[in-house]
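Asks: Test case, fold it:
(one chain, ligands or ions: 1)
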Amino acid sequence: MTSINQRYSEKFRKSGDLYSKGHGVIPGGGHQSRVQKPFPYFVSNAKGSIKYDVDGNRIIDYMMGFGSLILGHSHPEVVESVTNQVENGTHFGALSELELTWASKVQNLIPSAKRVRFTSSGTEATLLAMRLARGYTGKNKIIKFVEHYHGWHDYAIPQSGLNTEFGIPSDTLNSVVVLEPKISLIEDYLKSNEDVAGIIFEATGGHWGQFPLQNPTFVKDLRELTTRYGVIMIMDEVICGFRMSKGGAQSRFDVIPDLTTMAKIVAGGLPGGSVAGDEKIMSLLSEQDGVQKMFHPGTFNANPVSAASGIATLNLISKESINQKADQSAKKLKSGLREVLHKMEVKGHVHGIASIVHLVLGVEGEESTEGVSSVSHSELAKATMGDVPKTLKTAFLNEGIDIMGGMGFFVSAVHSEADISETVEKFENVLIALRIDGVI
Ligand SMILES: Cc1ncc(COP(=O)(O)O)c(C=O)c1O
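Replies: The predicted structure follows:
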């Protein structure tokens, strides 16, 4: 009987060869978050919900550009808009109307977006939002929560799941306060520490909701607390923006943050991000009384090609039932996965809000009507951060399905009923393989 890893090595043989070559050129053999054990696979092309690798394998994709592609790969309208733009110039070294149109689309959809500034990634968006919060309040510290991920810059790293603070100055680390996301704990800290500029958090909980917050209560309570203590509330909607609803998590939970960070869907799968928010805070980015207090340059920020992609994507999200389609498919996927767990008598549960699906093996639990798991953070951490998720991803890939590490699925508006049924059917084979390998 071949093991999961042996089967993978045979199925993805050409990728294995390429990965070996990669080590001579790229540290780690390739971009870090795409490297996996026993070795990563190389994709050659993708369309809709499907991607094809260099060995010719057809793969149903639930990575979806790490959550960027709610319209699937190469949506025809995005392709047309981007292609036109590439033909008409990729960088003008001057303003273009595209930036204005793109910002207006964000403004129309995201309730807190009184003003919008573009960056080139989510990491840059959270870096800028933190700096704005410090500049506006004149205070130094930023509170973040355990296992909430806000990118890879120095202020976002502590307890973000990246597990190393190597190379970051201690003064920087000292300005970041990491707390459990519990209102009473946060209030205790704020009572005795006056130097807090802002609180940043993932709107549905750490790691795109893998560790759910008790929403909408938590976010509403945090809004009340931050207002009372004069602390800037930064809602990180890099994942949730345009996915939890057209207007992101803030529309879904009816809570307006001071600042919102976005990336991924905002640029329709091309590099891009943005910070939006309160007019007074955002005005720190413009000249006041002849003085420019805060600088935010960046050669590729608001570049025309990302703008073209973002505009086409946000247009479709505004006008069509993109979110509803993705949410319905996610619902079907959740119930299918649950049925298989039950049928195969495997301990586990499924949860997730809107078009995000989290699969947790090894712990029974319930899902609330808002998609929140009943299981504690510590139990979820044990289940989703050990070896099981890595092997699960490999076992799914052997069945021609790619899921997010940490056991989850980004469902798009173009995943078909057939994709969902095939995924559910193959989940049975995945569990059989995991059993044979002694993983579950
Ligand atoms: C919630 C959240 N914030 C920030 C980031 C960083 O975005 P980027 O990878 O575009 O730098 C991510 C990336 O996954 C994220 O999920």
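Asks: Mind pulling up the pLDDT for the residue of the chain found nearest the ligand?
Replies: Nearest residue of the chain to the ligand (Cβ to the nearest ligand atom) works out as residue 122 at 2.2 Å. Bear in mind the C-beta positions are built from the backbone N, C-alpha and C, glycine included. The model reports residue 122 with a pLDDT of 98.
Asks: which residues touch it?
Replies: Residue 122 makes contact with 150-151, 236, 238, 261-264, 273, according to Cβ atoms under 8 Å, 6 or more residues apart in numbering.
Asks: Please list which of the residues you listed are also close to the ligand.
Replies: Subset of the contacts of residue 122 in contact with the ligand: 150-151, 236, 238, 263, 273, counting by Cβ under 6 Å from any ligand atom.
Asks: Just the buried residues out of the residues you listed, in ChimeraX syntax.
Replies: A single ChimeraX command is used to select the members of those judged buried by 16 or more other Cβ atoms under 10 Å:
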select :150,151,236,238,263,273
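Asks: In JSON lines: the ones next to the ligand among the contacts of residue 122, plus pLDDT.
Replies: Shown next, in JSON lines, are those (pLDDT from 0 to 100):
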{"residue": "150", "pLDDT": "98"}
{"residue": "151", "pLDDT": "97"}
{"residue": "236", "pLDDT": "98"}
{"residue": "238", "pLDDT": "98"}
{"residue": "263", "pLDDT": "98"}
{"residue": "273", "pLDDT": "98"}
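Asks: Make CSV out of the ones next to the ligand among the contacts of residue 122 and add secondary structure.
Replies: Output for these, formatted as CSV (DSSP: H, G, I helix; E, B strand; the rest coil):
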residue, secondary structure
150, coil
151, coil
236, strand
238, coil
263, strand
273, strand
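Asks: Just the closest of the ones next to the ligand among the contacts of residue 122 to residue 356, please.
Replies: residue 238 (13.0 Å; Cβ to Cβ).
Asks: Am I right that the closest one is in contact with residue 274?
Replies: No - using Cβ atoms under 8 Å, residue 238 is not in contact with residue 274; the gap is 9.7 Å.
Asks: and for those two, which residues touch both?
Replies: 125, 261-263.
Asks: and which of the residues you listed is nearest to residue 212?
Replies: Among these, residue 261 lies closest to residue 212 (Cβ to Cβ), at 19.5 Å.
Asks: Can you list the strands that the one helix or strand the closest one maps to pairs with?
Replies: In this structure, residue 261 is located in strand 259-263 according to DSSP states H and E. Sheet partners assigned to strand 259-263 using DSSP bridges are listed as strand 232-236 (parallel), strand 273-277 (antiparallel).
Asks: Can you say which of those is nearest to residue 337?
Replies: Comparing those by Cβ to Cβ, strand 232-236 comes nearest, at 27.1 Å.
Asks: can you list contacts of that closest one?
Replies: Under Cβ under 8 Å, 6+ apart, the answer for strand 232-236 is 112, 122, 126, 129-130, 132-133, 136-137, 148, 150, 197-203, 219, 222-223, 226-227, 248-250, 255, 257-261, 281.
Asks: returning to that earlier point: so what's the residue of the chain closest to the ligand closest to, chain neighbours aside?
Replies: residue 263 (3.2 Å; Cβ to Cβ, 6 or more residues apart in numbering).
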